[in-house]
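[1] Quick one: sequence and predicted model below, then my questions.
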Amino acid sequence: MEATLTSSNDQRARTGFWSGQLGYAQAVITVAGAVGAGWLLQWARCGNAVAPPAWPVNIALLGLLVGWIGLLSVTRNRVIAWLGGIPLALVSMGAVGLLAAVGGVVPQTADAPAWARAAGLDNVFSSAPFIVAMLLLLTNLGLATLRRGRALGWRGWLFSLNHAGLWILLACGMFGAGDVIRARLMLVEGTAEARLVDDQGRQGYLPVGLFLQRFYVDHYPGENGAPGPARTFTAEVTVLHPDGSVEDERITVNHPLRRAGWTLYLINYELSPDGQTDRCVVEAVRDPWLPGVYAGIFLLLAGAVAMLFRSPFGENWSILGAENKAEGTAS
């Protein structure tokens, strides 16, 4: 009689909100609480953006995150299985998507309304709530990838390519933001330039020089034979390398020039004092994490191809079944 009563009490204890089966309700509360804490931190900072860490701090933080996910993945219990499960994945992706949508609607500039600046909505992608939501999503994706691989062996790793690709893509975008450099330089016909100036007025130099041979604007037809609005513009430049070698290149609006780790975009032009179009504005971007982004995209595509050929030999490749089995074992 006593053993039966004890078993009944244990069963009731396991059916509580947090002690019972963990699902979407717990995921919503967890993500909402974490993002809410991020908003409180954002308001405490008067809406100021969180400065993205740069090398080598960012790679150290990324290593800590990878180690943390690896440690959780070898822990066998129901909470860890839920952290890598579908409910938390969908809810955390929804939170990231919602914040990204806000960032697409509210101007991400100093011209945003005062209430938006106070809440950090003028810099959503570098705000504490967005960082928290991204960390939850990365944790979930990492755990799901490792668990799937262990559950199904080589077939699991094959189908985890899309998860791994998305994880790498998001991680490189988040942790590599502090190493991205965006600056501009003005090119004038008949002169060479390598000096860069960013939005904060800081100066630097390209590892190569650019000599503008010719800049011209192609206009749409206008009325009465007059030129209409600008359709496209082109800069014919000579790239000057430190070793003395030169090469002639052409930069257009949709065809940037890539040299020495920099991508050079032709973004605008200015009229000279006498009204001539002999000068243009080039944006120089350096992103050392871009190869990681490309690797993530490649793995995403490879995972999509693997899903197309999910059962070439009629075998049971049910990932969800294997995950549910592993989850039940962990419980």
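    Structure's in. What do you need? Predicted, not measured: the structure shown is a model, and the values here were computed from it. Numbering: from 1, shown residues only.

[2] And Pro242, how far from Val197?
    21 Å (C-beta to C-beta, to the nearest Å). C-betas here are computed from N, CA, C, even on glycine.

[3] Show me which of those two is the more surrounded one.
    Val197 (13 against 9; other C-beta atoms under 10 Å).

[4] What pLDDT is listed against that one?
    Per-residue pLDDT puts Val197 at 94.

[5] does it have beta-bridge partners, and which?
    Per DSSP bridges, the residues bridged to Val197 are Arg184, Gln203.

[6] Can you tell me how far it is from Ser245?
    Val197 is 26 Å from Ser245, by C-beta to C-beta.

[7] The helix ranked longest in the chain: what's the following helix or strand?
    The single longest helix within the chain, with elements called by DSSP state H, is helix 128-159. Beyond helix 128-159 on the C-terminal side, the first helix or strand identified by DSSP states H and E is helix 161-175.

[8] burial count for Leu169?
    Neighbours around Leu169, by other C-beta under 10 Å: 19.

[9] Ok, Val188 next?
    There are 14 residues near Val188, going by other C-beta under 10 Å.

[10] which ones are touching it?
    Leu212, Asp278, Arg279 (C-beta atoms under 8 Å, 6 or more residues apart in numbering).

[11] Likewise for Pro227?
    His219, Tyr220, Pro221.

[12] what about the residue nearest the centre of the chain, distance to Gln21?
    Centroid-nearest residue in the chain: Gly173, 3.2 Å away (criterion: C-alpha atoms, centre = their mean). According to C-beta to C-beta, Gly173 and Gln21 sit 34 Å apart.

[13] Would you mind giving the domain segments of the protein?
    Using automatic domain parsing, the domain parsing of the chain gives 17-179+290-330, 181-286.

[14] Out of those domains, which is the most enclosed?
    Among the domains of the chain, domain 17-179+290-330 has the highest mean neighbour count (mean count of other C-beta atoms under 10 Å), at a mean of 16.

[15] one step back: any idea of the pLDDT on the residue nearest to the centre of the chain?
    At Gly173, pLDDT is 93.

[16] Go ahead and confirm it touches Val293.
    Yes: if you go by C-beta atoms under 8 Å, Gly173 and Val293 touch, sitting 6.7 Å apart.

[17] For the stretch 201-331 of the chain, which segments count as strands?
    With strands called from DSSP state E, counting those that start in this stretch, the stretch 201-331 of the chain shows them at 203-221, 227-240, 246-252, 257-259, 262-270, 279-286.

[18] looking at the ones you listed, which is closest to Thr139?
    Closest approach to Thr139 among the strands of the stretch 201-331 of the chain (C-beta to C-beta): strand 279-286, 29.5 Å.

[19] can you list the weak-confidence ranges in the protein?
    Applying pLDDT under 70 to the chain picks out residues 1-15, 151-156, 225, 272-276, 310-331.

[20] rerun that using 50 as the cut-off
    1-13, 311-331 (pLDDT under 50).

[21] From Gly85, how far off is Val79?
    10 Å.

[22] between the two, what contacts are shared?
    Leu22.

[23] picking that back up, tell me the one of the contacts of Pro227 nearest Pro256?
    The closest of the contacts of Pro227, once distances to Pro256 are taken by C-beta to C-beta, is His219, at 22.0 Å.

[24] returning to that earlier point: shared neighbours, Gly173 and Val293?
    Between them, Gly173 and Val293 share no contacting residue, judged by C-beta under 8 Å, 6+ apart.

[25] Touching stretch 277-284 from outside, list them.
    So stretch 277-284 is in contact with 181-189, 196, 206, 210, 212, 215-217, 233, 235, 251, 262-272, going by C-beta under 8 Å, 6+ apart.

[26] again, only this time at 6 Å
    Residues outside stretch 277-284 that contact it (C-beta atoms under 6 Å, 6 or more residues apart in numbering): 183-189, 196, 215, 217, 235, 262, 264-270, 272.
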